[in-house]
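Engineer: Provided below are the primary sequence and the corresponding predicted coordinates.
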Amino acid sequence: MGIFSRTRDIIAANVTDLLDKSEDPAKMIRMIIMEMEETLVEVRASAARVIADQKEMRRQIAKLERLQDSWVEKAELALSKDREDLAKAALVEKRKAGDMADQLKVEIEVLDESLRASEADIAKLQHKLREARSRQNAIMTRMESAHNRYRLREMLAGPKVEDAFSRFDVLERRADFAEGEADALALGAPPKSLEEEIAELRNAEKVEAELEALKARRRTGDA
């Protein structure tokens, strides 16, 4: 069953109220848009039928007008032959054709009013449809943002981040210990040789390189 009872309900509908009352706004807005699109197609199809009917009626009017001219010619011919009875009968037929044409013109005017109403409804439906699609985009943006925030918080609270930080702690502790050993050796020790100092630099570089590699892997995981 549809949300609306069609055109008038859609035009009068407050999309915001419908969404506020819905347990699933995303599903509701999809249903609203689908029904609006279907109704718009129906109203346009109805307008197309009215236009086609008007064209057919105008063709019939043109035929009736030609028929009236024909009966006038026949009446004139009858009078020229002193057949007033036939001339009068021809004018009666002309009057019948004229009445039929006048009736069709009245029907065309009625259809014109219907067409103007359909045109106004189409404009209002299009406005409502644009409003609904705008609300749909806003809802989808909010849902995507909420999903991304959830994923980020889940990642930050997860075991991977804790494990990464615990490994940082281990590396920093190793660096502290290495520095402590170097400082302890320097206490009361003779000056280091050039080879020793270079070896210490190499050891320090290895620790720093391992630390930077771990940081790089963490950055890659965040991305």
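Structural biologist: Everything's here; your move.
Engineer: so residue 13 sits right up against residue 128, yeah?
Structural biologist: Yes - using CB atoms under 8 Å, residue 13 is in contact with residue 128, at 7.1 Å. Every residue, glycine included, has its C-beta placed from N, CA and C.
Engineer: Now for this structure, the helix or strand with the poorest mean pLDDT.
Structural biologist: Sorted by mean pLDDT, DSSP states H and E, the helices and strands of the chain end with helix 159-186, the least confident at a mean of 65.
Engineer: residue ranges with poor pLDDT in the protein?
Structural biologist: 1-6, 143, 146-148, 150-171, 179-192, 221-223 (pLDDT under 70).
Engineer: ok, longest helix in it?
Structural biologist: Using DSSP state H, we find that the single longest helix of the chain is helix 84-157.
Engineer: so what does the next helix-or-strand element following the least confident helix or strand of the chain touch, helix or strand wise?
Structural biologist: The helix or strand immediately downstream of helix 159-186 is helix 194-222, counting by DSSP states H and E. If contacts are counted by 3 or more CB pairs under 8 Å, 6 or more residues apart in numbering; DSSP states H and E, helix 194-222 sits against helix 159-186.
Engineer: Run the angle between the helix or strand encompassing residue 71 and helix 84-157 for me.
Structural biologist: Assigned by DSSP H and E, residue 71 falls within helix 25-80. In terms of direction (axes from the mean of the first three to the mean of the last three CA atoms, to 10 degrees), helix 25-80 departs from helix 84-157 by 170 degrees.
Engineer: what number of residues lie near residue 140?
Structural biologist: Neighbour count of residue 140, defined by other CB atoms under 10 Å: 12.
Engineer: Tell me which residues touch it, please.
Structural biologist: Contacts for residue 140 were tallied using CB atoms under 8 Å, 6 or more residues apart in numbering; they are residue 26.
Engineer: Residue 125 versus that one, what's the distance?
Structural biologist: Going from residue 140 to residue 125 by CB to CB, to the nearest Å gives 22 Å.
Engineer: So for this protein, the centremost residue is which one?
Structural biologist: By CA atoms, centre = their mean, the chain has its centre lying nearest to residue 133, at 4.1 Å.
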